[in-house]
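1. Dropping the sequence and predicted coords here.
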Amino acid sequence: MHEASLMKNLMRRLDEIASAENAKRITGVSVWLGALSHMSASHFSEHFEESSAGTIAEGAKLEVTVSDDPKDPNAQEILVRSVTVDT
């Protein structure tokens, strides 16, 4: 259930970004996974694909960077680094 909540929050954030940019579509998303986020890149990608289906971000190219630093202040976080949109 943890992943569902994370993805719901991510989709909401992507909608906000798209709205602010008057975007027709999100074509790319870059995220950073903290070392303690309990998500691998492949696991995150699977959930992203499922969660983005039927949304403005469906089919977006996903770039995932995984940190290996458990002492990073954001080690438990999943951060959006960039979003590419079509306007």
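-> Here it is on my side, so go on. Residues are numbered from 1 along each chain as shown.
2. Next, residue 38: secondary structure please.
-> Residue 38 falls in the coil class when you classify it by DSSP: H, G, I helix; E, B strand; the rest coil.
3. is it fair to say residue 64 lies in a strand?
-> Yes - under three-state DSSP, residue 64 sits within a strand.
4. How about the contacts made by it?
-> By Cβ atoms under 8 Å, 6 or more residues apart in numbering, the contact list for residue 64 reads 30, 31, 33, 41, 44, 45. (Each C-beta comes from the backbone N, C-alpha and C, glycine too.)
5. Count the residues that sit near the nearest residue to it once chain neighbours are set aside.
-> Among residues not flanking residue 64 along the chain, residue 41 sits closest, at 4.1 Å (Cβ to Cβ, 6 or more residues apart in numbering). Other residues within reach of residue 41, judged by other Cβ atoms under 10 Å, total 14.
6. What is the nearest of the contacts of residue 64 to residue 84?
-> Closest approach between the contacts of residue 64 and residue 84, by Cβ to Cβ: residue 30, at 8.3 Å.
7. Look up how far residue 62 lies from residue 85.
-> Separation of residue 85 from residue 62 (Cβ to Cβ, to the nearest Å): 14 Å.
8. what do you get for residue 71?
-> In this view, residue 71 and residue 62 are 26 Å apart by Cβ to Cβ.
9. who's in contact with stretch 77-87?
-> 6, 10, 13-14, 17-18, 21-34, 37, 39, 44, 60-61, 63, 65.
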